[in-house]
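**Student:** okay, predicted coordinates and the sequence, questions at the end:
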Amino acid sequence: MTYSRKLARWLVLVSLILLIFTHDAFAYIDPGTGSYFLQLLIAGLLGAFFAIKIFWKNIKTSLTNLFSKGQKKKDDIK
């Protein structure tokens with residue numbers, strides 16, 4: 001087993017132990033934090049839709065080529 005695998009296993013084990021044996025934080029989430037996460041979610045969704053809009057022609061061409069290859073093979077057999 002390589003050194004990096006041993007190190008990775010050790011880090012996972014330590015992380016799990018720290019997650020299992022946690023202490024109370026006595027903290028709260030600020031109301032502004034919820035609106036910030038909502039803004040992040042909306043911005044991420046709009047960014048994803050905008051990226052799809054920009055690359056839609058490439059996506060459509062790729063999907064058309066992918067599915068038309070199967071039909072061409074079936075047509076060649078006949």
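**Tutor:** Done, it's in.
**Student:** just the pLDDT for residue 76.
**Tutor:** Note on residue 76: pLDDT of 55.
**Student:** over to residue 22?
**Tutor:** Residue-level pLDDT assigned to residue 22 equals 81.
**Student:** give me the neighbour count for it.
**Tutor:** 7 (other C-beta atoms under 10 Å). The C-beta positions use only the backbone N, C-alpha and C, and glycine is treated the same way.
**Student:** relative to residue 16, how far out is residue 3?
**Tutor:** 21 Å (C-beta to C-beta, to the nearest Å).
**Student:** look at these two and report which has more neighbours.
**Tutor:** residue 16 (10 against 7).
**Student:** give me the element that one is part of.
**Tutor:** Remark: residue 16 resides in helix 3-20, with elements defined by DSSP states H and E.
**Student:** point out the other helices and strands that that helix packs with.
**Tutor:** For helix 3-20, there is no helix or strand it packs on, judged by 3 or more C-beta pairs under 8 Å, 6 or more residues apart in numbering; DSSP states H and E.
**Student:** just after it, pick out the following helix or strand.
**Tutor:** helix 31-77.
**Student:** neighbours around residue 4, how many?
**Tutor:** 8.
**Student:** same check on residue 23?
**Tutor:** 5.
**Student:** do you know how far it is from residue 14?
**Tutor:** From residue 23 to residue 14 the distance is 16 Å (C-beta to C-beta).
**Student:** how about residue 28?
**Tutor:** 28 Å.
**Student:** so the two - more neighbours on which side?
**Tutor:** residue 14 (10 against 7).
**Student:** mind checking pLDDT for that one?
**Tutor:** 94.
**Student:** so how far is residue 25 from it?
**Tutor:** 20 Å.
**Student:** what stretches of the protein score poorly on pLDDT?
**Tutor:** Within the chain, the stretches with pLDDT under 70 are 1, 70-78.
**Student:** how close does residue 55 get to residue 63?
**Tutor:** Going from residue 55 to residue 63 by C-beta to C-beta gives 12 Å.
**Student:** make that residue 27, sorry
**Tutor:** As judged by C-beta to C-beta, residue 27 and residue 63 stand 47 Å apart.
**Student:** neighbour count: the two, which is higher?
**Tutor:** Using other C-beta under 10 Å, the more surrounded residue of residue 27 and residue 63 is residue 63, with 10 against 6.
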